[in-house]
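Colleague: okay, predicted coordinates and the sequence, questions at the end:
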Amino acid sequence: MKFRLIKIFLILFLGFSSFPVLSQVVKIESPSGGFTTQRIQKISGTVQGSNAARATIVINGIPQAVALQGGRFSVQAVIAPGNNLIEVKAGKSSDRVSFFAKVPPRDIKVVLTWDTETDVDLWVIDPKGEKCYYSHSSTSSGGNLDVDVTTGFGPETFTMSKALPGSYSVQVQYYSAYNLPVTRVNAYVVLYEGKPNEKRLQYQFVMTKSQQVYHIANFEIDPES
């Protein structure tokens with residue numbers, strides 16, 4: 001009896017092991033690599049063999065969640081002058097693409113991401129006190145809110161081509177419905193991107209109250225930079 005049970009187990013095991021095992025496959029469809037002159041890029045593609053609601057996208061070293069809808073993802077991102085690297089990860093699978101961008105440099109880039117599918121607004125206040133945000137997306141000093149995201153995980157992106165010397169304030173508004181959960185945000189400040197003196201700063205914050213405005217950080221631009 002014991003040997004018959006072992007034999008049946010082996011037959012079942014070998015039979016089931018012959019079935020194909022579905023695995024996740026990530027494919028970036030856009031951009032396709034090579035060369036571009038478009039400063040704002042649509043990054044899109046597919047994740048096959050997964051029921052997950054999100055994947056991870058890494059844009060020039062800055063990671064964030066990206067929503068999957070029917071196995072597809074799509075975000076808008078401000079890319080860097082020169083070489084760019086995009087990677088998308090889902091489970092143990094990933095895909096990456098690199099390309100060269102001939103685009104005007106920016107002295108300041110502020111990128112905001114968050115970890116729940118909601119609406120978070122990035123505010124940047126320059127040394128003159130002028131606030132750049134969704135309803136005032138361009139400032140007199142050359143600041144721009146290049147990407148405004150109302151659903152998903154970001155990124156919202158502020159840039160300034162020629163930085164004013166002085167202190168900048170980074171703030172966020174938890175612009176969401178009142179019944180949404182705690183949301184964690186990451187703010188990345190990239191100064192002089194693509195240049196030898198490039199500098200990166202990262203700030204994290206937990207938002208707990210909808211409609212509230214939170215001060216995340218200040219950063220300084222030296223007059224001699």
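Modeller: Right, received. Where do you want to start?

Colleague: only C-alpha atoms for contact and neighbour calcs from this point on.
Modeller: OK.

Colleague: show me how the chain divides into domains.
Modeller: 25-103, 104-224 (the TED database).

Colleague: now those domains as TSV including mean neighbour count and mean pLDDT?
Modeller: Output for the domains of the chain, formatted as TSV (neighbours: other CA atoms under 10 Å; pLDDT from 0 to 100):
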stretch	mean neighbour count	mean pLDDT
domain 25-103	17	96
domain 104-224	18	94
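
Colleague: now do the helices in the chain.
Modeller: Applying DSSP state H to the chain gives helices spanning 2-17.

Colleague: contacts only, for the spatially most central residue of the chain.
Modeller: A centroid search over the chain (CA atoms, centre = their mean) returns residue 64, at 4.1 Å, as the residue closest to the centre. By CA atoms under 8 Å, 6 or more residues apart in numbering, the residues touching residue 64 are 56-58, 113-115, 153-155.

Colleague: look up how far residue 102 lies from it.
Modeller: Using CA to CA, to the nearest Å, residue 64 is found at 25 Å from residue 102.

Colleague: so residue 99 sits against residue 80, correct?
Modeller: No - checked against CA atoms under 8 Å, the pair residue 99 and residue 80 is beyond contact range at 10.2 Å.

Colleague: list the residues that contact residue 170.
Modeller: Residue 170 makes contact with 122-125, 215-218, according to CA under 8 Å, 6+ apart.

Colleague: bridging residues for it?
Modeller: residue 124, residue 217 (DSSP bridges).

Colleague: ok, and the closest non-adjacent residue to residue 172?
Modeller: Nearest non-adjacent residue to residue 172, counting by CA to CA, 6 or more residues apart in numbering: residue 122, 4.7 Å away.

Colleague: show me the contacts for that neighbour.
Modeller: Per CA under 8 Å, 6+ apart, neighbours of residue 122: 112, 133-134, 156-158, 170-173.

Colleague: what about residue 45, distance to residue 189?
Modeller: Residue 45 is 27 Å from residue 189, by CA to CA.

Colleague: actually residue 216, not the one I wrote
Modeller: Following CA to CA, the distance that separates residue 216 from residue 189 is 11 Å.

Colleague: what's the answer for residue 159, then?
Modeller: Distance from residue 159 to residue 189, by CA to CA: 10 Å.

Colleague: need the overlap of contacts for the two.
Modeller: Between them, residue 159 and residue 189 share the contacting residues 108-110, judged by CA under 8 Å, 6+ apart.

Colleague: can I get these in a markdown table including distance to residue 223?
Modeller: Shown next, in a markdown table, are these (distance: CA to CA, whole Å):
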| residue | distance to residue 223 |
| --- | --- |
| 108 | 14 |
| 109 | 18 |
| 110 | 19 |
